[in-house]
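[1] Just to be clear, the model below is a prediction. Sequence and coordinates:
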Amino acid sequence: LLAICLLTVGSHFGRHFISSMGPLVMERLNISRSQYGLVFSVEEFPSIFLPLASGMFISALRLRYGPLSVFLACVLSLGQIVTAAGIQARSYSAVILGYA
């Protein structure tokens, strides 16, 4: 239950942490508002696809929720690490990859 709660909070935080830093991210990566908007479009794809795919995966393999929620939390964390590293390295493609 704790892992599922952390996954939910982490997902929400991960989706919205970049919005508060919009002007700084655009300046650091030297990107336009359209490119910055693409980051938000890309981040919505996992929000739609992952719950569906995860539910089918759990049902098909009859997995217990605990280990799977830890795995998904690790995937979410990895995406946030890639995004943060991309901002530090001034790599727009890494930011997109981190959100995808």
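    Nice, I can see it. Residues are numbered from 1 along each chain as shown.
[2] Can you pull out the low-pLDDT segments for this protein?
    For the chain, the stretches flagged by pLDDT under 70 are 1-18, 46-47, 50, 58, 63-66.
[3] mind listing the helices in it by residue range?
    Ranges of helices within the chain are 2-16, 22-29, 33-61, 65-88, 92-99, based on DSSP state H.
[4] need the ones you listed in JSON lines with mean neighbour count, can you?
    Every C-beta, even on glycine, is put in place using the N, C-alpha and C of the backbone. Listed next are the helices of the chain as JSON lines, based on neighbours: other CB atoms under 10 Å:
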{"stretch": "helix 2-16", "mean neighbour count": "14"}
{"stretch": "helix 22-29", "mean neighbour count": "14"}
{"stretch": "helix 33-61", "mean neighbour count": "13"}
{"stretch": "helix 65-88", "mean neighbour count": "16"}
{"stretch": "helix 92-99", "mean neighbour count": "19"}
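[5] Can you pull the phi/psi pair for residue 90?
    Torsion angles at residue 90 (phi, psi; degrees, to the nearest 10) stand at phi 60, psi 40.
[6] ugh, typo on my part, it should be residue 89
    When read as degrees, to the nearest 10, the backbone of residue 89 gives phi -90, psi 0.
[7] what's it in contact with, if anything?
    Going by CB atoms under 8 Å, 6 or more residues apart in numbering, residue 89 touches no other residue.
[8] Check the gap between residue 31 and residue 80 for me.
    Look at residue 31 and residue 80: by CB to CB, to the nearest Å, they are 19 Å apart.
[9] got it, and residue 39?
    Using CB to CB, residue 39 is found at 13 Å from residue 80.
[10] Could you do residue 42 as well?
    Taking CB to CB as the measure, residue 42 and residue 80 are separated by 14 Å.
[11] Ok, residue 70 next?
    Distance from residue 70 to residue 80, by CB to CB: 16 Å.
[12] swap in residue 88?
    Using CB to CB, residue 88 is found at 13 Å from residue 80.
[13] Skip the chain neighbours and tell me the closest residue to residue 42.
    residue 99 (4.9 Å; CB to CB, 6 or more residues apart in numbering).
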